[in-house]
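Q: model the structure of this input:
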Amino acid sequence: MSGISLTFGGDPVFSDLDLVVQPGDRVALVGRNGSGKSTLMKVMAGLVEADRGDIVVPPGRSVGYMEQDPDMGDFATLGDYASSGLEPGELYKVERAGEGLKFDPSRAVNTASGGERRRAALAKLMAEAPDLMLLDEPTNHLDIEAIGWLESELKTTRTAYVLISHDRAFLRELTRATLWVDRGMVRRQEKGFEAFEAWRDQIWDEEDTQRHKLNRLIKAEARWAVEGISARRKRNQGRVRALNDLREQRAGQIKRQGAAEFALEAGPKSGRKVIEAEGISKTFGDKQIIRDFDLKVQRGDRVAFVGPNGVGKTTLINILLGQVEPDAGQVRQGTNLEVAVFDQARAQLDPDMSLWDSLTGDPSMRVSGKADQIMVRGNPKHVVGYLKEFLFDERQARAPVRSLSGGEKARLLLAKLMAHSSNLLVMDEPTNDLDVETLDLLQELLDDYDGTVLLVSHDRDFLDRVATTTVAMEGNGTATVYAGGWSDYIAQRTPIEEEKLEKAKTSKPKVKQESKAKAGLSFAEKHRLEKLPSEIERLEAEIAKLEELMADPELYTREPVKFQKATDALVQRQEKLSASEEEWLELEEKAAG
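A: This is a model prediction of the structure:
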C-alpha cells in the first residue's frame, strides 16, 4: 500500500499511508474503537476503495478476508457456503475446521445465528489458506476450546496474517509485529503485541514532551512580539511569521482521544451472603445442565463461569438469580440485592433507535419535563454530555444504533448500565469488541466496585485480571468450583484430575477419601483459608496507617477532603477486616469437623 488516503466526511481516516505486509508476517492490528482498524483491513481486502493511493498484490499471491457479516446468498447450508470454491479433495479441510470451531456444516443458512455464520466464514477462510489472511475479531462467538484450536492452527500455519482482536492472550501468543492505527497514522513495530503497551506509552510520553516544548516556545515568541514593539519601531516580520507557523503547528496536532469516564456506583450494601446454592440440578429435555451443584457467593466476590458454548453458563446464572427454577436443590438469595445485567446479545439496544432515544426512552432514566436530560445515578445530566463521557461525539447522538461498531455498541450498553446503582453485576461476554484501553478501564472499574460480580467470558487474560473464583462447566451436568482466575483453574485442574484417576484405581480408598473430602473443606475453601491470614494482616496494617494519619488534630481543618477520604477508607477496611475474621472462623470450624 502506498500513498493511501481515505476520508468518510470530516477528518481523514488515513492520509498518505504507506504499508507493506511480507510473506509469513504475523501482525497485530491495534487501535482505539473507531480509529479505523476494520476500515484499514477492508481497504487491504479491496472491499473499500481508497480516495487516493495504490495497492499492489504480487502475481500469484492471494488475500482472504473473514467477513463479519457474510453474505451467504443462495447457499442452503453453512457447509455449502464454507466449502464453495474448494476442490473436492479439499473438502475435508472444512470438516476439520468445523470440528475445531464447533459449527455444524449441515445447519440451514436461514436458521443459523450470527455467531454460527461467523464461524462458517472463519472455517471457509482457514480451509482456503490464502497467502494473507485478514482476521477481524475471529475469537468473537468462540468458546475457550475453539479459541485454543484456532490459536494452535495459526501458530503452525505458513500463511501470513493480520489480526484484530480484543483478546490479549491470543495476540501475545500469535503476533511478531504490531501495526498501531492512531489518529490517521499507522505505525509499525517489529515486535508482537507483548511489547505494544510499553511502545505506545513511550510514544505518548515523547508527544507530551514535544507539545510542552512547543508551548514554551510559543509563549517566549509571543512575549517577544509584544514587548519588542516598545524597543523597535518595526517588528521583525520573519519572527512574527515564525510565531504564526508555530501556532498553526500546534493547532494541527490531533488531540489524543481520552479515556471513557466510566463510573459504576454500588447501591445499598447487600447482605454478606449474596447467593447460596445447595444441591441444585437442572435438565432441559435430555440435556443435563447442572447436577448436585453447590456454590456460596459472598459480597465482593467476582465469580467467573467458563466452559464450551451451549454448556449452560447463562442458564446456571439465571438459576442463581432466581429467574429459572432448579429441578432439585435450593437457591437462597441475600438481602437488598439490586441487579444490573450486561447481556452478550446486546438485546437492550434497539438497532433502529438513535443513541439519544436509547437513553431518553428508558423509563428508568427519564427526567420529568426535560427532553434533553437523563437521570444518572440519581443526578440529571444532559444526554450529549453523558454520551461524551463514553467517547461518543455530538454527531453520533442522533445516529441509529445500527451504525455503531461492535465496540461502540458495547460502550453504549455500558452507558445504560452505569446510569443505575447496583450491588450485583451480571456481565455476559462484556469484553467482545472493546479496545485494549477500554478493557483496562473496565477491569479497574470492577476492581473498585463495592458490589458482587457474576461474569461469563472467554477472554483468558480478562478472567485472570478480574475473577476471584472460577466455576468450570464441563458438560453432562458437571461443574467444579476453583479459586482464582483462568490460569489458577488450569493449574488446579491438572492435579485434581490426576488425583481422581488415582482414587479410581481401588474402590476402598475411594470411599474413604470421598467421605473425608465431604466432611472437610472443598479445594476453593482450603485455598481461601490459606489466603485469609495474609489478607487480615494487610487490612490491619492499612487500618494502622489510616489511624496514624487521622491522629493529626489539624488534619480536619487543614485538609477536610483528605480527612473525609481517610475516614471513609478506615470504615471500609474495618468492615472488610471484620468480614474476613468472621470468614476465617467459619472455615476453621468447618475444617475442624
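Q: helix or strand next in line after the helix or strand bottoming out on mean pLDDT in the chain, which one?
A: Sorting the helices and strands of the chain by mean pLDDT, DSSP states H and E puts helix 507-519 at the bottom, at a mean of 38. Next helix or strand after helix 507-519 toward the C-terminus (DSSP states H and E): helix 523-550.
Q: leaving out chain neighbours, which residue sits closest to Arg332?
A: Spatial nearest neighbour of Arg332, excluding adjacent residues (C-beta to C-beta, 6 or more residues apart in numbering): Glu276 at 4.7 Å. Bear in mind the C-beta positions are built from the backbone N, C-alpha and C, glycine included.
Q: quick check: bridge partners of the one you found?
A: Lys296, Arg332 (DSSP bridges).
Q: relative to Arg188, how far out is it?
A: Going from Glu276 to Arg188 by C-beta to C-beta, to the nearest Å gives 53 Å.
Q: again, but for Asp464
A: Taken as C-beta to C-beta, the span from Asp464 to Arg188 is 29 Å.
Q: Leu439 now?
A: For Leu439, the distance to Arg188 - C-beta to C-beta - is 23 Å.
Q: neighbour-wise, which of these two wins?
A: Leu439 (19 against 14; other C-beta atoms under 10 Å).
Q: which strand or helix spans the residue nearest to that one when sequence neighbours are not counted?
A: What sits nearest to Leu439 in space, not counting adjacent residues and going by C-beta to C-beta, 6+ apart, is Thr431, at 6.0 Å. Using DSSP H and E, Thr431 falls within no helix or strand.
Q: so Val48, which state does it fall into?
A: coil (DSSP: H, G, I helix; E, B strand; the rest coil).
Q: give the contact list for it.
A: Val48 sits next to 6, 39, 42 when contact means C-beta atoms under 8 Å, 6 or more residues apart in numbering.
Q: again, 10 Å this time
A: By C-beta atoms under 10 Å, 6 or more residues apart in numbering, the residues touching Val48 are 6, 8, 13, 38-42.
Q: which among the residues you listed count as buried?
A: 6, 13, 38-42 (16 or more other C-beta atoms under 10 Å).
Q: and those residues as a markdown table, adding pLDDT, secondary structure and distance to Tyr92?
A: Formatted as a markdown table, the buried ones among the contacts of Val48 follow (pLDDT from 0 to 100; DSSP: H, G, I helix; E, B strand; the rest coil; distance: C-beta to C-beta, whole Å):
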| residue | pLDDT | secondary structure | distance to Tyr92 |
| --- | --- | --- | --- |
| Leu6 | 90 | strand | 40 |
| Val13 | 83 | strand | 41 |
| Ser38 | 88 | helix | 32 |
| Thr39 | 89 | helix | 35 |
| Leu40 | 92 | helix | 34 |
| Met41 | 93 | helix | 29 |
| Lys42 | 92 | helix | 31 |
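Q: give me the below-cutoff pLDDT ranges for the stretch 1-150 of the chain.
A: 9-11 (pLDDT under 70).
Q: show me the strands in it, by range?
A: 2-7, 12-17, 26-30, 52-54, 63-65, 132-136 (DSSP state E, counting those that start in this stretch).
Q: tell me which of these lies nearest to Leu174.
A: Closest to Leu174 of the strands of the stretch 1-150 of the chain, according to C-beta to C-beta: strand 26-30, at 5.9 Å.
Q: domain map for this structure?
A: 2-198, 212-252, 523-591 (automatic domain parsing).
Q: most tightly packed of these?
A: domain 2-198 (a mean of 18; mean count of other C-beta atoms under 10 Å).
Q: start to end distance for that domain?
A: With C-alpha to C-alpha, to the nearest Å as the measure, domain 2-198 spans 28 Å from end to end.
Q: any idea which of the domains of the chain gets closest to Arg332?
A: domain 523-591 (16.3 Å).
Q: I'd like the distance from that closest one to the chain centre, please.
A: Put simply, domain 523-591 sits 30 Å off its chain's centre (C-alpha atoms, centre = their mean, to the nearest Å).
Q: now the helices for the stretch 351-500 of the chain?
A: Ranges of helices in the stretch 351-500 of the chain, per DSSP state H, counting those that start in this stretch, are 355-360, 383-389, 406-417, 436-448, 460-466, 486-503.
Q: let's have those helices in a markdown table, adding mean pLDDT.
A: Listed next are those as a markdown table, based on pLDDT from 0 to 100:
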| stretch | mean pLDDT |
| --- | --- |
| helix 355-360 | 89 |
| helix 383-389 | 87 |
| helix 406-417 | 82 |
| helix 436-448 | 81 |
| helix 460-466 | 91 |
| helix 486-503 | 68 |
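Q: out of those helices, which is closest to Val162?
A: Using C-beta to C-beta, the nearest of these to Val162 is helix 436-448, at 16.6 Å.
Q: pull that closest one out as PDB, backbone CA atoms only.
A: In PDB, the C-alpha atoms belonging to helix 436-448 read as follows (Å, rounded to 0.1, in the frame of the first residue of the first chain):
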ATOM      1  CA  VAL A 436      -7.300  -2.600  25.000                       C
ATOM      2  CA  GLU A 437      -7.600   0.800  26.700                       C
ATOM      3  CA  THR A 438     -11.400   0.300  27.400                       C
ATOM      4  CA  LEU A 439     -10.700  -3.200  28.700                       C
ATOM      5  CA  ASP A 440      -8.200  -1.800  31.100                       C
ATOM      6  CA  LEU A 441     -10.800   0.800  32.300                       C
ATOM      7  CA  LEU A 442     -13.400  -1.900  32.700                       C
ATOM      8  CA  GLN A 443     -11.100  -4.000  34.800                       C
ATOM      9  CA  GLU A 444     -10.200  -1.100  37.000                       C
ATOM     10  CA  LEU A 445     -13.900  -0.400  37.300                       C
ATOM     11  CA  LEU A 446     -14.700  -3.900  38.500                       C
ATOM     12  CA  ASP A 447     -11.700  -3.800  40.900                       C
ATOM     13  CA  ASP A 448     -13.100  -0.700  42.600                       C
END
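Q: in it, what's buried?
A: Here helix 436-448 shows 436-439, 441-442, 445-446 as buried, counting by 16+ other C-beta under 10 Å.
Q: which one of those is nearest to Met133?
A: Closest to Met133, out of all of these and judged by C-beta to C-beta, is Val436, at 21.7 Å.
Q: where's the closest one relative to Gly64, distance?
A: For Val436, the distance to Gly64 equals 26 Å [C-beta to C-beta].
Q: how about Val297?
A: Val297 is 45 Å from Gly64, by C-beta to C-beta.
Q: and what of Leu132?
A: From Leu132 to Gly64 the distance is 7 Å (C-beta to C-beta).
Q: next: Val94.
A: For Val94 relative to Gly64 (C-beta to C-beta), the value is 14 Å.
Q: swap in Gly329?
A: Counting by C-beta to C-beta, the gap from Gly329 to Gly64 is 49 Å.
Q: quick one: Trp180 is in a strand?
A: Yes - with three-state DSSP as the criterion, Trp180 is part of a strand.
Q: dump the residue contacts of the residue nearest the centre of the chain.
A: Centre of the chain computed as the mean C-alpha position; nearest residue by C-alpha atoms, centre = their mean is Thr431, 2.5 Å away. Contacts for Thr431 (C-beta under 10 Å, 6+ apart) come out as 139-140, 166-168, 410, 438-439, 442-443, 455, 457-459, 461-463, 466.
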